[in-house]
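> A structural model of the following input is requested.
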Amino acid sequence: CVVLGGEFAQLQDQLATPLADGRLALLSISFDPAHDTPAELVAYQARFRNRGDGWIAARPINDEGLQQLLRTFGVTVVPDAMGGYVHNAAIVLVDPQGRLVRVFDTGNPGAVAQAIHREIGK
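Below is the predicted model:
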């Protein structure tokens, strides 16, 4: 997703310290495991100048895992006529215990960074 890739790149800059010291991780999860091989995920991060600290790109390894992922995060995916997908997008903040803390709409990575700084500063 171009939108989220760009926002994660900005978040890597805005959250450099907590990413570098391991208090935070950014996780991009693909919902197209047939296309998004590990090499494709590395290339995706490279297109957005991955700085190497704290941004992980992953994919489910089977359809069951994919369906569970989509249900858990409320993602709706619809194939488009060009071989790609249309999907809802958001940045989801999850605490170390795996609990949903907050869902952010795309378009304002600065507000996401501020909220994350507040959460991890608690």
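> tell me the phi and psi of the spatially closest residue to Leu100 that is not a sequence neighbour?
Leaving aside its chain neighbours, Leu100 sits nearest to Val94 (6.0 Å; criterion: CB to CB, 6 or more residues apart in numbering). Where C-beta positions appear, they are placed from N, C-alpha and C, glycine not excepted. As for Val94, its main-chain torsions (degrees, to the nearest 10) stand at phi -120, psi 140.
> would you confirm that Val94 contacts Val101?
Yes - using CB atoms under 8 Å, Val94 is in contact with Val101, at 6.4 Å.
> what about the helices in the chain?
Under the criterion DSSP state H, the chain contains helices at 2-14, 16-20, 38-47, 63-73, 109-120.
> other SSEs contacting the first one?
Counting contacts by 3 or more CB pairs under 8 Å, 6 or more residues apart in numbering; DSSP states H and E, helix 2-14 is packed against strand 26-29, helix 38-47, strand 90-94, helix 109-120.
> what's the most buried one of these?
Counting by mean count of other CB atoms under 10 Å, strand 26-29 has the highest mean neighbour count of the helices and strands packed on helix 2-14, with a mean of 18.
> that one: how far from the chain's middle?
The chain centre lies 3 Å from the centre of strand 26-29; the measure is CA atoms, centre = their mean, to the nearest Å.
> list the contacts of it.
Contact with strand 26-29 is made by 1, 4-5, 8, 11-12, 15, 19, 41, 44-45, 54-60, 69, 73, as judged by CB atoms under 8 Å, 6 or more residues apart in numbering.
> find the nearest non-adjacent residue to Ala113, please.
Nearest to Ala113 is Gln14, by CB to CB, 6+ apart, at 3.8 Å.
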